[in-house]
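pasted the sequence and its predicted model underneath.
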Amino acid sequence: MSFFQRLEHRYVQWLTRPAQNAAGRMGLYRIIYSVFYLWFLSPLKFSELSLVPKSRWEPTILFSSLPALPGVSYPAMEVLLVMALVLLLLGYKTRLANLIVLVMGFGLAGFRTGFLMQERTIVLTVFYVPLFMLLSRWGETYSIDALLRQKRGQPVVSPHKSSWRYIWPARGLMVVLSILFLSAAVIKFIELAWLVEPRLVGDLVLAKGVKSLLTNGFPIHPLGPNIGRTNALAIPSQYVVLLFETCFVLVLFNRFAQALILRLAPIFHSFNTLLLGIPFISILSMYAAFPDWQALYEKFYPKALRIKGLDKLPSSFLIAGSLGLALLVGLLWNTTPSARQIFGLFGLLSYQTLWFWLLPFVLLWIFSPLWRRLRGRKPLPTPERL
Amino acid sequence: METQELRLAKYFTAGISFLLMALGGTFWPFTLWDMYSTGDNYSPPTEVNRLELHVLDKSGKQHVLRPMDLYTLDDDTSNQTPGHQLMQKAIEGNAKQQAIYRPYLIQQVEFVLDTQIEQVEAWRYFWQVDFEQQPPIDINQPAQTVLIDRFLADSTD
């Protein structure tokens, strides 16, 4: 067996390894992703693209053959995107809804990039996730599609099914994320500044904190200037960032590295938000592909809140209800503030604050096994590797 | 069926990864993460400034708009300054830029405020930055404010 054959064999083995509750966790990921995307969209107004002078249209290579669209197109695309997201959330015509989410979301990001600003981080949410999930089976559980199949007498997919056919797109996203993190580290190594200028992060924390306040209104946290001015804190931070970005790729190879890095990632992003005003929230749509949501659902989701009896409703009611809800939310999106307010959670969570809301849960996730180990002297559970 | 799906999974994941690595940096959306890699332009400032608009609407009400108020922004703060760029071109750009961007600025302000406007004043605010102090910059206490320009909304038609 040649080197390349061995490599391919290992790659296929990795991609096709079964994962606990694969079918159920991907169905729940579909719901979480759709809700997250609607929340993410709620403060953005794509109708502002309608006003931009056509002379400012500087498309990226991929959009270079397209002219600037008529002004009404952008809010119309936005409404179609919202309607498709509601259908994706419910799981009705999942693959078609997924395709519309990909085309409309990516299209709007492309036009925003051509007119206003380069969209680099939201491509994770609007491009990579729907692209991989277009080929997934995330509509086979917790969906109207699954209920309709059940009503037609077709076999029901158990959420506990562990086949690789459900989980491989999540692994694909993990590969993309690893390459992106590695690229951040490699470019820093090539540019050398991060290696040879020990004050780089200290100065970045000071300058970016002020810039973020002026450009985006992020308040300067008192920790920022204190860390930025103190070499004993700023210099190690610089190498911790490099280490984190370099090591992220290990999530693909080692279960303990995966468990450790995915637990440290929210802390890393929380500090970036707190000190630099870089929330990079869209990355959450990718991280959300990795946890076993099925196990969490069974353990923590209150039984009283579980929706029951949907299978007793007639198919026509399920279909009409799904389409009606999608239409309603889509039509309300740009005409009244209510739909944006509901999916925007009434401003309770914003780009600026979401990591801090998640942080206590992450700390609980990190420390509860350690605490149980200390109390009960039980061995730490072996982390499951995606 | 399973063989076909395996082939799809294998080549799709490898293909997207290859595109990302081969085209990264030049072909959006396959962009790599080169942000902050050079460390350029990040020396701690001692003084900063920005343009702000004081807008009088048709009902006589005053509004203050910062550049960030002109557009909805997402979570990428590294390079999203479209409001700053628009204000800069419309207020301090050359005659050609002003001719294009002032009417657009008025339209954008009216879109944001959802009202017809009468007059715009552009002010440049200056702040001292002192990292020994907490907070290092008091956004409500600019060191200096300079009126750059004043124009009627109708005059840009």
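Perfect, I can see it now.

where along the stretch 1-150 of chain A do the helices fall?
A:3-15, A:22-41, A:73-90, A:94-115, A:123, A:129-133, A:144-151 (DSSP state H, counting those that start in this stretch).

please name every helix or strand in contact with the fifth one.
Which is helix A:123. Counting contacts by 3 or more CB pairs under 8 Å, 6 or more residues apart in numbering or on different chains; DSSP states H and E, helix A:123 packs against no other helix or strand. C-beta coordinates here come from the backbone N, C-alpha and C atoms, glycine included.

if we can go back for a sec, which one, of the helices of the stretch 1-150 of chain A, ends up nearest to residue B:97?
helix A:94-115 (16.4 Å; CB to CB).

show the average pLDDT along the helix or strand just after that closest one.
Counting by DSSP states H and E, the element after helix A:94-115 in chain order, helix or strand, is helix A:123. Averaged across helix A:123, the pLDDT comes to 94.

the longest helix anywhere in chain A to helix A:22-41, inter-axis angle?
Of all segments of type helix in chain A, defined using DSSP state H, the longest is helix A:164-191. Relative orientation of helix A:164-191 versus helix A:22-41 (axes from the mean of the first three to the mean of the last three CA atoms, to 10 degrees): 50 degrees.

list the buried ones in helix A:164-191?
A:164-188, A:191 (16 or more other CB atoms under 10 Å in any protein chain shown).

what's the answer for stretch B:82-98, then?
For stretch B:82-98, by 16+ other CB under 10 Å, it's B:82-91, B:93, B:98.

got the contact list for it?
A:116-117, A:215, B:50-51, B:53, B:66-71, B:100-102, B:104-105, B:108, B:122, B:148-149 (CB atoms under 8 Å, 6 or more residues apart in numbering or on different chains).

now those: which count as buried?
The buried subset of the contacts of stretch B:82-98 (16+ other CB under 10 Å) comprises A:116-117, A:215, B:50-51, B:53, B:66-71, B:101-102, B:104-105, B:108, B:122.

among those residues, which ones are in helices?
A:215, B:101-102, B:104-105, B:108.

pick out the most distant pair among those residues.
Between any two of these (CB to CB), the greatest distance is 22.2 Å, for A:215 and B:102.

and the closest residue to residue A:354 other than its chain neighbours, what is it in contact with?
The shortest distance from residue A:354 to any non-neighbouring residue, by CB to CB, 6 or more residues apart in numbering or on different chains, is to residue A:281 (5.6 Å). Applying CB under 8 Å, 6+ apart, we find residue A:281 in contact with A:40, A:351, A:354-355, B:75.

can you name the farthest residue from the center of chain B?
Using CA atoms, centre = their mean, the residue of chain B lying farthest from its centre is residue B:1. It sits 50.0 Å away.

and it, how far from chain A?
Noted for residue B:1: a distance of 10 Å to chain A, by CB to the nearest CB, to the nearest Å.

pLDDT weak spots in chain B?
Residues of chain B meeting the criterion pLDDT under 70: B:77-79, B:156-157.

quick one, domains of it?
B:2-41, B:47-156 (automatic domain parsing).

gap between the last one and the chain center?
Put simply, domain B:47-156 sits 10 Å off its chain's centre (CA atoms, centre = their mean, to the nearest Å).

let me see the contact set for the residue nearest the centre of chain A.
Geometric centre of chain A, nearest residue: residue A:285, 0.8 Å, by CA atoms, centre = their mean. Going by CB under 8 Å, 6+ apart, residue A:285 touches A:33, A:36-37, A:40, A:124-125, A:129.

which residue sits closest to it, ignoring its sequence neighbours?
Spatial nearest neighbour of residue A:285, chain neighbours left out: residue A:125 (4.3 Å); criterion: CB to CB, 6+ apart.

the one you found and residue A:40: what is the separation?
Here the criterion is CB to CB, to the nearest Å. By it, residue A:125 lies 6 Å from residue A:40.

could you do residue B:101 as well?
Residue B:101 is 29 Å from residue A:40, by CB to CB.

repeat for residue A:85
Taken as CB to CB, the span from residue A:85 to residue A:40 is 10 Å.

these two: who's more crowded?
More neighbours surround residue A:85 than the other of residue A:85 and residue A:40, with 28 against 23 (other CB atoms under 10 Å in any protein chain shown).
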